[in-house]
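# next come a sequence and a model predicted from it.
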Amino acid sequence: MTDTNEQKIDEVLNRGTIVEILPTKDEFRKELLSGKKLRFYIGFDATSPTLHLSHAKNIILMEKFRKLGHEVIILFGDFTARIGDPSGENSARKQLSRKEVVGNVKKWKQLIKPLMNFNDLKNPPKIKYNNDWLSKLTMEEVIDLASNFTVQRLLERDMFQKRIREEKPIHLHEFLYPLMQGYDSVAMGVDVEVCGTDQIFNALAGRDLIKKLKGKDKFVIAVTLMENPKTGELMSKSKGTGVFLDAKPADMYGQIMAQPDEMTEILFVNNTYLPLEEIKEIVSGNPRDAKAHLALEIAKIFFGEKEAKKAEEEFNKVYRDKELPSDMPVFNTNTREYFILDLLCDTRLAPSKNEAKRLVEAGAVDIDDKTEKEWKKSVEIKDGMIIKVGSRKFVKIKLK
RNA sequence: GGGCGUGUGGCUGAGCAGCAAAGGCAACAGACUGUAAAUCUGUCGGGUUCUACCCUUCGUAGGUGCAAGUCCUACCGCGCCCA
């Protein structure tokens, strides 16, 4: 029997993470209220070894359904990862080797541990791999599955249309992606699929398929991709806006502080457990403090209170109070006198001499708290000397 | 198989025979601040005897020019159309 507390259910449905429920939100709500135990799933393609806050948000949502008493499956797309979903990309993703994918999945399992209670023996979250069934399909079965779709239907997808317009390639295997994702639903016999709004097409393909093959319906819950409300951009590595779950506490705290201010509320809603009213209040205050609160709150989820506090202290110390970090890389040398450019390169504070030169000219290099603006000189090395480049890079010299 | 296009720095995307190669993104630094936000400014292939000089880069290999991403040839990859 599942939890049918109306208030709890509505809190999950209305918090803001869920953007759309198909076929309708009302029907889904009714289903939850009925007390029937539903089988949920969310799929992740292990295309990269790391996860970021957007993935975390999805896991958090799944955990909420699990806590209501439903069966929850995290599906690692170890098979689909090797094909690559065309969504969002305007060219085909490179296909990954079996080995890469297995390595990624292993890391992921560790990363999501803080977000789900795997020790709940009564109703533990389940982990499945779609390689288990997709790799076993015969050509005959694949063709049979394909006969459920039309090329026109597949071509409707925005991104395919875009590629046609731009005369970019569409590979045949990319067409098979919705088919495979759809088959996942059939193989697991799920009642509900949770996916990002960019995946609705694939999820609906699964809905059609499960209807045709098993005569049962499936709900599709589309969740926010956490776009920046100002620019519409997603969190991404290439935009430098990613917050990675495998980061060290101090780095994760820093990555959150580096988020644009307008992301604070969105991240609060999706990546913390704080009640909405409390979030409203925090966000209405000083933006800097609100974000700091957010960073602490999220770091707490992954590393615990103690580590999170430590990360915060360190951040304030180095960036707010401009003090030295508590530990920094040490560079061992026995050279007494060093050309400043060589010193910067050897300590790996600069990747090349030209770059080192530029840094010195820009006034970015401090040696023992004194800004060094002259690059054509050598410095006398002292034990314990501290070289600082920009506000984030420090090296302590140890004279042998 | 035939025709037409296309291949540029981390990404994107300009490029006339005389550019280390416009613009945008990302990155880095400086100023400012409320933070590693925002904004503004500068930098953004490597090296040196450093406001100058040298070397290496524009799919690959050759060729024509004093000079070639920029023209020619072949090859490779990709796209479109025809078959």
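Right, received. Where do you want to start? Residues are numbered from 1 along each chain as shown, chains lettered A, B, ... in the order given.

# okay, CA-based contacts and neighbour counts for the rest of this
Fine.

# shaky segments in the stretch 151-300 of chain A?
A:237-240 (pLDDT under 70).

# all helices for it, in order.
Assigned by DSSP state H, counting those that start in this stretch, the helices in the stretch 151-300 of chain A fall at A:151-155, A:158-165, A:172-188, A:200-214, A:249-257, A:264-271, A:276-284, A:287-315.

# so how far is the shortest one from its chain's centroid?
It refers to helix A:151-155. 30 Å (Cα atoms, centre = their mean, to the nearest Å).

# what of the last one?
Between the mean C-alpha point of helix A:287-315 and the mean C-alpha point of its chain there is a distance of 18 Å (Cα atoms, centre = their mean).

# quick check, that helix touching RNA strand B?
Yes. Helix A:287-315 comes into contact with RNA strand B (Cα under 7 Å from any atom of the strand), by way of A:287-288, A:291, A:315.

# select from these the one having the most neighbours.
residue A:291 (26 neighbours; other Cα atoms under 10 Å).

# contacting residues around that residue?
A:256-257, A:261, A:264 (Cα atoms under 8 Å, 6 or more residues apart in numbering).

# for those residues, give me CSV that also has neighbour count and distance to residue A:149.
Below are these laid out as CSV (neighbours: other Cα atoms under 10 Å; distance: Cα to Cα, whole Å):
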residue, neighbour count, distance to residue A:149
A:256, 25, 43
A:257, 22, 46
A:261, 15, 44
A:264, 24, 42
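
# chain neighbours aside, what residue packs nearest to the residue most central in space within chain A?
Nearest residue to the geometric centre of chain A (Cα atoms, centre = their mean): residue A:52, 1.9 Å. In this structure, residue A:52 finds its nearest non-sequential neighbour in residue A:244, 4.3 Å apart by Cα to Cα, 6 or more residues apart in numbering.

# likewise for residue A:209?
The nearest residue in space to residue A:209 (Cα to Cα, 6+ apart) is residue A:182, at 6.3 Å.

# ok, back up a step: distance to residue A:104 for the helices of the stretch 151-300 of chain A - can I get that in TSV?
Below are these laid out as TSV (distance: least, Cα to Cα, whole Å):
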stretch	distance to residue A:104
helix A:151-155	29
helix A:158-165	26
helix A:172-188	19
helix A:200-214	23
helix A:249-257	20
helix A:264-271	22
helix A:276-284	34
helix A:287-315	19
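
# nearest to residue A:29, out of these?
When the helices of the stretch 151-300 of chain A are compared by Cα to Cα, helix A:200-214 sits nearest residue A:29, at 18.2 Å.

# quick one: the closest one to helix A:172-188, angle?
Orientation note: helix A:200-214 sits at an angle of 50 degrees relative to helix A:172-188 (axes from the mean of the first three to the mean of the last three Cα atoms, to 10 degrees).

# and helix A:200-214, what other elements does it pack with?
Applying 3 or more Cα pairs under 8 Å, 6 or more residues apart in numbering; DSSP states H and E, one finds that helix A:200-214 contacts helix A:172-188, strand A:219-223.

# CA atoms only for that helix, dumped as CSV, please.
C-alpha atoms of helix A:200-214 as CSV (Å, rounded to 0.1, in the frame of the first residue of the first chain):
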residue,chain,number,x,y,z
ILE,A,200,9.2,13.6,-24.4
PHE,A,201,9.3,12.3,-27.9
ASN,A,202,11.2,9.2,-27.0
ALA,A,203,9.1,8.6,-23.9
LEU,A,204,5.9,8.8,-26.0
ALA,A,205,7.4,6.4,-28.5
GLY,A,206,7.6,4.0,-25.5
ARG,A,207,4.1,4.8,-24.6
ASP,A,208,2.9,3.8,-28.1
LEU,A,209,4.9,0.7,-28.0
ILE,A,210,3.8,-0.5,-24.6
LYS,A,211,0.2,0.2,-25.6
LYS,A,212,0.6,-1.9,-28.8
LEU,A,213,2.5,-4.7,-27.4
LYS,A,214,1.1,-5.0,-23.9
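
# residue A:193 contacts residue A:40, doesn't it?
Yes. The pair residue A:193 / residue A:40 is scored as a contact, 5.8 Å apart, by Cα atoms under 8 Å.

# quick one: end-to-end length of stretch A:381-397, please.
One end of stretch A:381-397 to the other measures 8 Å (Cα to Cα, to the nearest Å).

# quick one: buried residues of that stretch?
Across stretch A:381-397, burial judged by 16 or more other Cα atoms under 10 Å covers A:381, A:385-389, A:394-397.

# could you do stretch A:224-241 as well?
For stretch A:224-241, the neighbour count (16+ other Cα under 10 Å) marks A:224-226, A:228, A:235, A:241 as buried.
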